[in-house]
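[1] test case, fold it:
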Amino acid sequence: MCRVAGAPPRILPPLALMLLAALQQAPIKATCEDMSCKTGFSEDVHSAVVSRTVHGGQPLLNVRFQSCDGNKKILFGSSEPEDFRVGEDGVVYAERSFQLSAEPTEFIVSAQDKETQEEWQMRVKLTPEPAFAGPSEKDQKKIEDIIFPWQQHKHNSPLKRQKRDWVIPPINLPENSRGPFPQELVRIRSDRDKSLSLRYSVTGPGADQPPTGIFIINPISGQLSVTKPLDREQIASFHLRAHAVDVNGNQVENPIDIVINVIDMNDNRPEFLHQVWNGTVPEGSKPGTYVMTVTAIDADDPNAQNGMLRYRILSQAPSSPSPNMFTINNETGDIITVAAGLDREKVQQYTLIIQATDMEGNPTYGLSNTATAVITVTDVNDNPPEFTAMTFYGEVPENRVDVIVANLTVTDKDQPHTPAWNAMYRMTGGDPTGRFTILTDPNSNDGLVTVVKPIDFETNRMFVLTVAAENQVPLAKGIQHPPQSTATVSITVIDVNESPYFVPNPKLVRQEEGLLAGSMLTTFTAQDPDRYMQQTSLRYSKLSDPANWLKIDPVNGQITTTAVLDRESIYVQNNMYNATFLASDNGIPPMSGTGTLQIYLLDINDNAPQVNPKEATTCETLQPNAINITAIDPDIDPNAGPFAFELPDTPASIKRNWTIVRISGDHAQLSLRIRFLEAGIYDVPIVITDSGNPHASSTSVLKVKVCQCDINGDCTDVDRIVGAGLGTGAIIAILLCIIILLILVLMFVVWMKRRDKERQAKQLLIDPEDDVRDNILKYDEEGGGEEDQDYDLSQLQQPDTVEPDAIKPVGIRRLDERPIHAEPQYPVRSAAPHPGDIGDFINEGLKAADNDPTAPPYDSLLVFDYEGSGSTAGSLSSLNSSSSGGEQDYDYLNDWGPRFKKLADMYGGGDD
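    Below you'll find the predicted structure:
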C-alpha cells in the first residue's frame, strides 16, 4: 500500500489582529510498503519559523525519526540542553523562556539506540518570525487548515499501522484585540470528510470548561474562533483538544491538542510595593555605601520588554552638599551613595523621587510610575563632648555626704540621648582619698560632682579636682578632634560647728560591787573638734542611768556614785552596767555628743545562799520520805558553791525528827529520822554556807507538808487537802473579796435611801389644801387619774414662747384647733406656774377665736389646750355648759382618790 507525502512542515507567523496556526502537513512522497526501510531521521536539517519570544515548556517542533524495528528504544538529546529539551516522542520543547536573536538559532538533535548505542543526528535551525507590519487583505482572508493525522489499515489483516501523531505548533494571539468578534483563528478538518459526514468540537478551559465560551468551533466546517478580547494577566495560555466524530457520534480521528498563547501587550504600569520607602545611612559614609533597595512590579510579561523595568532618580531634596549624593541601579533598584560629605549635624534627611519605567526604560513607549525614598542620616560619634568652662567652682559644708557641690556642663553636637552624645565623667587628679564622685544627669548630660565621704575642715579646707569627659562610645575613625575634654573643679570646704566626742568611747571601768554612795568612780571627758571657733568649755550631763547609781560633774566630767553598786541588780547584764553621758558646746547651732561608760562589776560575797524550793511534801512514814533541795546563791564563783548543808541545834526536835545529807555541791536531801511523824505542816530550818572568803551563811526555812500516803507514796486526796490548808495569800484574798462585797451592798442600800428622799423632795412644798391655784389648774386632767400624772403647765405660763412654726401661714391660728401633726411628747411641766400668765393666755385664745372666721362654734374660753387622743374622760366643756352647778352630781369624785378629795368636799357633800 502507498501513502502520499507533501511539503515539509513550517510555522506561519502571527498576524497583527489574527494569529494563524502553524501547520504541519504530511509528506507527499510516494512510497510502497514493500520498499526497503532505513532507520534514522527523515531529514538532515530541519528548519522552523517560531515567534521571537519563547516561553519555558513551549513545544516548538516535532522531529521525525523512523525506526525499522519497532522494538528499539530510542533516547533523544540536544546539544543545547540548557535551552532545548527533546521528549521521548520527538517533540522539541523550550527549556526556559528567552528572546531569539535576529540571526537563526541552530542546535543538534541526536537519537541513540539504548541497546546498540548507535547514534543519529539532525541539525535544527530556528528562525524568528519577521517583524509584522500589518496583515494584507489576502492574508486576512486566508485561514489555514489543521488536518487530523490519518491512519490506514491493511486489508484482511487484524494488524494496524498508524501514522505518528503530529505536534501542532502553538497559536499566538495578542491580548486586548479589538475584533471584530467572533474572530476566526484556524479551520480544523479531517481528510475523511470527503467520504463521511463529520462533526467537529473542541474541549478544555475556554471552550466547554470555565471560563466557557471564549473559543467556539463550527461543527460542520471546523472553523475555530475567539469570541472576545483576551487578557494575558488573567490567563496566559489555553490548552484545547479538537475532536472529529461521525453523525452517530463515533470517533473518526484521534483528538489533537491545540495550544493558544496570549501574546502580552504593554497595558500595565509599574507599581511600587510601597509608595514611601524608608532607609538609613550613617553620616560620613564613603561613596558606594549601600543604603536601601526599592522594588516595583509590572503585571505584564516579565520576560518581555513590556515587563522589564528600569529605575532612575528624578530629584533629591535637599541638594546639599551635592545634588547627586545618591544613585540607583537601574535594574535592581539598589540605592547607594556616590558622593562624600554626609553630615547629620547639617542635613538629617534626604528625600528622593524614584521612577520605574517598563519597556526597558524606553521613555517614548514605556509606562512609568514614581515613589518616594526617605533616607535618614544616622548619627555617628564624630563630635566629642566639650566643657563650657575651663574651671568650675563649688563649696560644701564639712561632714556632709551625698551633696552635689558643682555642676559640670558640656556641649556635644551629636544626636541627644544616644551613646555618641551621652557623656561619662571621671576624675584624673586632686582626690587621692576618693571623697568625690561624678554622676551624669541623663536629661541634661551634666556632670554632678557629689561628696561621698565626710570632709573635715580642720584637715582639708579646699580641693582642686581635674576632671575629663568623653562619650560612651569611641570617636569614629578619621575624626581629628581629641577624644576627651578636661577641666578643673575648685571646691571650698565650709567650717561648721561639730559635735564634741568622748575619748575613749565607750570607756570601760572595772570596779568591785558594793562601792558606797558618794565615792568617785572615774572621769569621763570629751573633746571639741572645732579648733578654729571661739567657744567656751564643754558642759556634761547624764543621759541614761537605768539604776540611777551615778552622777557627773557638769564642768570637769568627774563621775561619782549616788548608790551602792550591786552586781546582782537587774540592770546588770553579764557583770556589765552601761550608762550614757552627754557633752554639749555653746556653738551656733549648739552641738552635743554622747559617750558610753561601761562598768564591769567584780563580784564580792555579799549574798548568802537560800534554799529552793520553799515548800515540800513527804509521807508520815520513814520510807519513802526523801526531799531534794537546792542551794541558790546570786553570787558567782568563788563566792558560791559548793555549799554546806546542816540542821540547827535548836530547837532540838529538828535534829530529832529530821536529817540532811549533801549529795552534790549544790544539792542535798532532807528525810525523816524517825519512823513515823504525824501529818501536818512543819517548818524545818536549814543552815546553808557558801564557799566565799569570808564565808556567808543563812538559815532558810523549808515548809514541809507531812501527809498520809498510799502504796505508791502519793498523798491521798483528803489528807492532801487537810494537810495543805490555805496559805496566807489565799486567806488575804478571800478577806478582801468579802470586804469588797460588803462595801458594794452598803453603797446600794445608801443609794436606794437617797433615791427615796429625792422622790419625797419632789412633792409640793405647800399643802395641797391651801394651793387654790393647783386645784383650779389641774382640772384639765379629765380622765387620767393617777395613771396620768406627767403633765406640764409651761404652755399656760408663757404662751408667748410658742414656736413660730406652730402659727398658720395665713391668718391667726386658734390655739384650740386640733393639730394635724403627730402628738408631741410634752416635757415635764413645773408644779407652780405664775397665776398672771393664765389670764393672759386665756385672753390670747379668746382674741384668736374672735378673729378666726373659719373657727367652729367652740367656747374658746374653755378650750385652751389640745388634750391628746385616746383619753377615757369626757370633754371638760360640759363643766361650763350647764346653767348652774346644782344640776351636776359630784359624788363620784370620792372614788377618784386623795388627789380629788378637795373637789369632792367642795361639790359632792350636802347642801353646805
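[2] wait, residue 476 sits on residue 343?
    No. Taking Cβ atoms under 8 Å as the definition, residue 476 is not a contact partner of residue 343, at 11.9 Å. No exception for glycine: its C-beta is placed from N, CA and C like everyone else's.
[3] now for those two: what residues contact both?
    Shared contacts of residue 476 and residue 343 (Cβ atoms under 8 Å, 6 or more residues apart in numbering): residue 284.
[4] so which residues of the protein form helices?
    Taking DSSP state H, the helices of the chain run over residues 137-141, 652-657, 717-724, 728-761, 772-777, 794-797, 835-851, 878-881, 901-907.
[5] give the buried residues for the last one.
    In other words, helix 901-907. Neighbour counts over helix 901-907 (16 or more other Cβ atoms under 10 Å) mark 902-904 as buried.
[6] ok, residue 562 to residue 544 distance?
    15 Å (Cβ to Cβ, to the nearest Å).
[7] how many neighbouring residues does residue 124 have?
    23 (other Cβ atoms under 10 Å).
[8] for it, give me its contacts.
    Applying Cβ under 8 Å, 6+ apart, the residues contacting residue 124 are 45-48, 61, 63, 92, 106-109.
[9] thought residue 587 was touching residue 530?
    Yes. Applying Cβ under 8 Å as the test, residue 587 and residue 530 come out as touching, 6.8 Å apart.
[10] and for the two, which residues touch both?
    residue 497.
[11] and the contacts of stretch 682-702?
    For stretch 682-702, contacts defined as Cβ under 8 Å, 6+ apart pick out 605-611, 613-616, 627, 629, 631, 633, 635, 638-648, 654, 657-658, 660, 670, 703-706.
[12] please redo it, this time with the cut-off set to 7 Å
    605, 607-611, 614, 616, 629, 631, 633, 635, 638-648, 654, 658, 660, 670, 703-704, 706 (Cβ atoms under 7 Å, 6 or more residues apart in numbering).
[13] from one end of it to the other, what's the distance?
    8 Å (Cα to Cα, to the nearest Å).
[14] chain center to it: distance?
    75 Å (Cα atoms, centre = their mean, to the nearest Å).
[15] got the buried residues for it?
    So, applying 16+ other Cβ under 10 Å, buried residues of stretch 682-702: 682, 684, 686-692, 696, 698, 700, 702.
[16] pick the one among those residues closest to residue 712.
    residue 682 (22.5 Å; Cβ to Cβ).
[17] bridging residues for that closest one?
    For residue 682, the beta-bridge partners under DSSP bridges are residue 704.
[18] any chance of the buried residues of helix 901-907 in a markdown table with pLDDT and distance to residue 226 as columns?
    Converted to a markdown table, the buried residues of helix 901-907 look like this (pLDDT from 0 to 100; distance: Cβ to Cβ, whole Å):
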| residue | pLDDT | distance to residue 226 |
| --- | --- | --- |
| 902 | 80 | 141 |
| 903 | 81 | 138 |
| 904 | 79 | 141 |
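[19] how far off centre is stretch 617-634?
    With Cα atoms, centre = their mean as the basis, stretch 617-634 stands 73 Å off its chain's centre.
[20] what's it in contact with?
    Here stretch 617-634 has contacts from 568, 607, 609-612, 616, 640-641, 643, 666-672, 675-679, 688, 690, 702, 704-709, 713, 715, using Cβ under 7 Å, 6+ apart.
[21] buried subset of those residues?
    Here, 16+ other Cβ under 10 Å leaves 607, 609-611, 616, 640-641, 643, 666, 668, 670, 672, 677, 679, 688, 690, 702, 704-709, 715 buried among the contacts of stretch 617-634.
[22] for residue 512, see how far away residue 306 is.
    Distance from residue 306 to residue 512, by Cβ to Cβ: 120 Å.
[23] for these two, indicate the residue with more neighbours.
    residue 306 (23 against 12).
[24] correct me, but the more buried one touches residue 357?
    No. The pair residue 306 and residue 357 does not pass the contact test of Cβ atoms under 7 Å, sitting 11.5 Å apart.
[25] you'd agree residue 272 is up against residue 369?
    Yes. With contact defined as Cβ under 7 Å, residue 272 counts as touching residue 369 (6.5 Å).
[26] those two - which one has more neighbours?
    Per other Cβ under 10 Å, whichever of residue 272 and residue 369 has more neighbours is residue 272, with 21 against 17.
[27] OK, contacts around the more buried one?
    Contacts of residue 272 (Cβ under 7 Å, 6+ apart): 294, 296, 356, 369, 371.
[28] switch the cut-off to 8 Å
    By Cβ under 8 Å, 6+ apart, the neighbours of residue 272 are 294-296, 354, 356, 369-371.
[29] possible to save these as JSON lines with pLDDT?
    JSON lines is the format used below for those (pLDDT from 0 to 100):
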{"residue": "294", "pLDDT": "96"}
{"residue": "295", "pLDDT": "96"}
{"residue": "296", "pLDDT": "95"}
{"residue": "354", "pLDDT": "96"}
{"residue": "356", "pLDDT": "96"}
{"residue": "369", "pLDDT": "95"}
{"residue": "370", "pLDDT": "96"}
{"residue": "371", "pLDDT": "96"}
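[30] of these, buried ones?
    Of these, these count as buried by 16+ other Cβ under 10 Å: 294, 296, 354, 356, 369, 371.
[31] ok, how many other residues are close to the closest residue to residue 83 other than its chain neighbours?
    Spatial nearest neighbour of residue 83, chain neighbours left out: residue 95 (5.5 Å); criterion: Cβ to Cβ, 6 or more residues apart in numbering. Residue 95 has 16 neighbours, counted by other Cβ under 10 Å.
[32] got any residues that touch both of residue 272 and residue 369?
    296, 356.
[33] please report how far residue 547 lies from residue 597.
    In terms of Cβ to Cβ, residue 547 sits 13 Å off from residue 597.
[34] which one of those two has more residues nearby?
    Using other Cβ under 10 Å, the more surrounded residue of residue 547 and residue 597 is residue 597, with 24 against 15.
[35] not counting sequence-adjacent ones, nearest residue to the more buried one?
    Residue 597's closest residue in space is residue 579 (Cβ to Cβ, 6+ apart), at 4.9 Å.
[36] can you lay out the buried residues of stretch 682-702 as CSV showing pLDDT?
    Formatted as CSV, these follow (pLDDT from 0 to 100):
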residue, pLDDT
682, 88
684, 88
686, 88
687, 88
688, 87
689, 87
690, 83
691, 81
692, 79
696, 81
698, 83
700, 85
702, 88
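[37] name the nearest of the residues you listed relative to residue 250.
    residue 702 (142.7 Å).
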